[in-house]
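Structure of the sequence below:
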Amino acid sequence: MSEPHRSPTGRVTADDVQLSVRLAVAALRQGAGADWTARAGSLEWDCWETVEHLSDDLFAYAAQLGPQVPPQDAEVPFRWARQRPGGPANVVYADRAGGTAGLLQVLDACGALLAAMVRTTPPEQRSYHVFGLADPEGFAAMGVVETLVHAYDVTQGLGLRWDPPADLCDRVLVRLFPDAPPDGDRWRTLLWATGRAELPGHPRRTDWRWYGAPRPSDAS
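Predicted coordinates for the structure are as follows:
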């Protein structure tokens, strides 16, 4: 399968969503025989739950872009529920009878939903996110960050290697984290920006957020 085209404009695209999810699925597939009840990195969830949460994030971002009149002050009102106290509150859960192959297929499908919505939604469209109204590029960037960092959490729990492309990390840093250092290792910087790693010369983040609002040049 050919690798999706990367944006020459520095924008985050539907192809980036597709690429990040397919790289994550390929990496996680290497741990098919591992213990998926292991804790996912620094999270309170296990590896299986974290992939379900990631799938749910991608689905939810796609859903925000879906209505003919996107919501401006709330999420589309699906029913979120927890399967255990302290577990993630999701709409999307994988049938455990399908095993890890089925779980990763759920992730792949939810990534495809978001990529399709980003690709087909007019760029001037705006929809609600808890951190402010976002455009399709903003939701694409959020989906990529969710994928990269939660794949990191899960690979930490499964003992796998995960080293996503630096150019992809750089584009989402520029799009969502305007206060992040503009130089240095881009993957390490993204882990720092999301509270997962130390970065020399900068205090470790214990509280963090992104900024999904449209770029100033795109704001209307």
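
can you map out the helices along this structure?
14-29, 47-65, 99-120, 136-158, 166-176, 186-193 (DSSP state H).

Indicate which one of those helices is closest to Asn90.
helix 47-65 (4.0 Å; CB to CB). (Glycine included, C-beta is placed from N, CA and C.)

May I see the buried residues of the closest one?
Of the residues in helix 47-65, 47-65 count as buried by neighbour count, 16 or more other CB atoms under 10 Å.

ok, now stretch 31-48?
For stretch 31-48, by 16+ other CB under 10 Å, it's Gly31, Ala34, Trp36, Ala38, Ala40, Gly41, Leu43, Trp45, Asp46, Cys47, Trp48.

tell me the average confidence for that stretch?
Mean pLDDT, computed over stretch 31-48, is 97.

For Arg39, list each beta-bridge partner.
Asp46 (DSSP bridges).

Show me the one of the helices of the chain that comes nearest Gly212.
Comparison of the helices of the chain against Gly212 by CB to CB identifies helix 136-158 as nearest, at 3.7 Å.

and the residue lying closest to Ala134 once chain neighbours are set aside, how far is that from Thr13?
In space, and not counting its chain neighbours, Ala134 is closest to Gly212: 3.7 Å by CB to CB, 6 or more residues apart in numbering. Using CB to CB, to the nearest Å, one gets 15 Å for the distance from Gly212 to Thr13.

Give me the pLDDT for the residue nearest to Ala134.
90.

Please apply the same query to His202.
89.

cool, Arg161 as well?
Predicted confidence (pLDDT) for Arg161: 97.

Pull the number of nearby residues for it.
Arg161 has 7 neighbours, counted by other CB atoms under 10 Å.

can you tell me which residues contact the closest residue to it other than its chain neighbours?
Among residues not flanking Arg161 along the chain, Thr155 sits closest, at 6.8 Å (CB to CB, 6+ apart). Thr155 is in contact with Ala27, Leu28, Gly31, Arg161, Trp162, counting by CB atoms under 8 Å, 6 or more residues apart in numbering.

Kindly recompute the last result at 7 Å.
Ala27, Arg161, Trp162 (CB atoms under 7 Å, 6 or more residues apart in numbering).

Ala101 now?
Ala101 touches Ala32, counting by CB under 7 Å, 6+ apart.

cutoff 10 Å now
Shown in contact with Ala101 (CB atoms under 10 Å, 6 or more residues apart in numbering): Arg29, Ala32.

Would you mind measuring from Asp207 to Arg39?
Counting by CB to CB - Asp207 and Arg39 are separated by 21 Å.

if we can go back for a sec, between the helices of the chain, which gets nearest to Gly86?
Closest among those, using CB to CB: helix 47-65, at 9.6 Å.
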